[in-house]
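Q: below: sequence and its predicted model.
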Amino acid sequence: MSKNYSAPVLAVVILLGIGYFQPAEAVTAFAKKYSAPCTLCHSSWPRLNKVGFQFKVNGFQLPGGMDGSKAGKVSPEWNLHLDSGSANPPLGLRVRGGLVVTQPADDSYSDQEKNYLCCTETNRLSLNSAGTVKKNIGYMLNYELNPNGNGIDQGYLRFVNMFGQGYLGIDLGAFYTDDFSLVPKNRNWFGETDAAYYGNLGLRGRSQGMASGYADTGFRVYGNPNYGIFSYDLVYVTGGQAVNGRYRGRGKGTSVMGRVEGEKFGVSARFWSNKSSSLVFRKLTGSNRVVYYTSALDDGTTVEFLPLNNNPDEDTSEIILNMKYEVPKWQVEGVYVQNNFKVGSRTSGANSFSRSNITRSGISIGGIYRFSNLLTGGMRYSRSSMSSFSEVYNGTATNISASTVSRLDFQLELAPVQNARLMFGVNFDGSDIGSREKVDSNGNIVEYQQQTKFVLLWDWAI
């Protein structure tokens, strides 16, 4: 996008967005089903409050209920299509879009080679359905309808209240691996990603292993006994659903989480371990650097290092600590992540590649303030540091220095109705030079400049 057109385009999108979200009485399927406001379960949508967490743990039945979620429902005679069982299941659509205007820090916008133009989650449409099949049996289905989407994002059966109220539940299917943590990254309120979770999304960070917090297939055992202050989950998944991996093979992901939450303060701790064989490394032309594969480098002349015989040689371990303090008007959240990754030695014909282990640590702290039912503001600082490491290609070692990514986010949210958001954010890039790497069209590593992003996002659940 040319700099000369960025301001007019942004103004047009803001006007369209404000015109689009006129006050209306549209609410989501669950809210309709129980004739309840969205704020019953969400503090700052899509964040869940304690009632929302208990509703989820209880298999999409009202907290304390074990009746197939009949209590409190609008009668099927009034709203048949939103009921479950013999009627059709509740259906919902979620529309998300956005626009990013990127401004380099030193205003040399004409030099495209030094700019890192990146977009947010734009133009996404998903179909959602969740509810109960019968007493203590629930389900969730989330399907991405985009032409280039991921298909089923989540789809599972949920069995709850075994051995007593909240003691034991089981999910079978595809689900987010960290959704029961206190501050799961798949429920991010801010438009920009949290650097503590994701680290460096540039050239270096993409060769890090799979971490917790993505959708995968397997089973989860969890509980919140008697809806007290303690919750837990145990996760086992296939480990092969790598977000950026083009070569998916055998693997497994396992996790254990403990969560303690009172009326205002809560903390959770998760340990994650993943073994996979999804990353492909490629030697850059004219360099000894070996980087994670991207299609832009596929010129057919460079050496690729695939997992040998579909061997799960990529090991990731991670510890995640979450903290939240919440009152009706505001909340603060903290995240600490310690991630370790190692990949086995690989060969390709007469060529060999090995790499030392990588350690990454990240922190973030953010706050959200609710000025009114219509307007919410927030600020977050996040930071992630990757250790130095070395790569050995055909016996020649290359040392890669440590790097740090940091971001400062400011965001305002306008919510003209409970199920629609219009958000404007500003993101300041404080990352060091070592973390700002990309590969140009000639296969050479270049460093893009620090960026300031102006982000406009809209999110509407029907």
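A: Thanks, I have the structure now. Computed from a prediction, not measured in an experiment: that's the story for all the values here. Numbering: from 1, shown residues only.

Q: quick check on the residue nearest the centre of the chain: phi, psi?
A: Centroid-nearest residue in the chain: residue 186, 3.6 Å away (criterion: CA atoms, centre = their mean). Backbone torsions for residue 186, taken as degrees, to the nearest 10, come to phi -80, psi 0.

Q: what sits against it?
A: 176, 178-179, 213, 215 (CB atoms under 8 Å, 6 or more residues apart in numbering). (Glycine included, C-beta is placed from N, CA and C.)

Q: let's see which of those residues end up in strands.
A: Of those, the ones assigned to strands by DSSP state E are 176, 215.

Q: can you list the weak-confidence ranges in the stretch 1-150 of the chain?
A: Residues of the stretch 1-150 of the chain that meet the criterion pLDDT under 70 lie in 1-29, 32-33, 67-90, 103-122, 147-150.

Q: sec struct for residue 226, please.
A: What DSSP: H, G, I helix; E, B strand; the rest coil gives for residue 226 is helix.

Q: which parts of the chain are helices?
A: Along the chain, counting by DSSP state H, helices occupy 3-20, 29-34, 50-57, 195-198.

Q: just to revisit the earlier point, adding pLDDT, write the contacts of residue 186 out as CSV.
A: Below are these laid out as CSV (pLDDT from 0 to 100):
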residue, pLDDT
176, 92
178, 93
179, 93
213, 88
215, 87
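
Q: biggest separation within the contacts of residue 186, which pair?
A: Taking CB to CB, the two most distant members of the contacts of residue 186 are 178 and 215; they sit 10.4 Å apart.

Q: higher neighbour count, those two?
A: In terms of neighbours (other CB atoms under 10 Å), residue 178 is the more surrounded of residue 178 and residue 215; the figures are 27 against 19.

Q: now do the contacts for that one.
A: Contacts of residue 178 by CB under 8 Å, 6+ apart are 184-186, 212-213, 255, 257, 270, 272, 320.

Q: in strands only, show me these.
A: Cross-referencing those against strands under DSSP E gives 255, 257, 270, 272, 320.

Q: quick one: neighbours of the third one, just the number.
A: Residues within reach of residue 270, counting by other CB under 10 Å, total 25.

Q: that one contacts residue 253, doesn't it?
A: No. If you go by CB atoms under 8 Å, residue 270 and residue 253 don't touch, sitting 11.9 Å apart.

Q: now stretch 373-384: buried residues?
A: By neighbour count, with 16 or more other CB atoms under 10 Å as the criterion, the buried positions of stretch 373-384 are 376, 378, 380-384.

Q: how about the residues you listed in a markdown table, adding distance to residue 359 and pLDDT?
A: Listed next are the buried residues of stretch 373-384 as a markdown table, based on distance: CB to CB, whole Å; pLDDT from 0 to 100:
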| residue | distance to residue 359 | pLDDT |
| --- | --- | --- |
| 376 | 36 | 96 |
| 378 | 30 | 97 |
| 380 | 24 | 98 |
| 381 | 21 | 98 |
| 382 | 18 | 96 |
| 383 | 15 | 96 |
| 384 | 11 | 94 |
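
Q: reformat those as TSV; add distance to residue 406.
A: TSV is the format used below for the buried residues of stretch 373-384 (distance: CB to CB, whole Å):
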residue	distance to residue 406
376	24
378	17
380	11
381	7
382	7
383	4
384	8
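
Q: surely residue 347 is in contact with residue 308?
A: Yes. At 7.2 Å, residue 347 counts as touching residue 308 under the criterion of CB under 8 Å.

Q: rewinding a little: what separation do you get for the residue nearest to the centre of the chain and residue 162?
A: 26 Å (CB to CB, to the nearest Å).

Q: picking that back up, looking at the buried residues of stretch 373-384, which are in strands?
A: Assigned to strands by DSSP E, the following of these qualify: 376, 378, 380-384.

Q: on that earlier part again, nearest to residue 316, of the contacts of residue 186?
A: For the contacts of residue 186, the closest approach to residue 316 (CB to CB) belongs to residue 213, at 11.6 Å.

Q: now do the contacts for the closest one.
A: Residues near residue 213 by CB under 8 Å, 6+ apart: 176-178, 184-186, 197.

Q: residue 208: how many residues sit nearby?
A: By other CB under 10 Å, 21 other residues sit near residue 208.

Q: same question for residue 372.
A: For residue 372, the number of neighbouring residues by other CB under 10 Å comes to 8.
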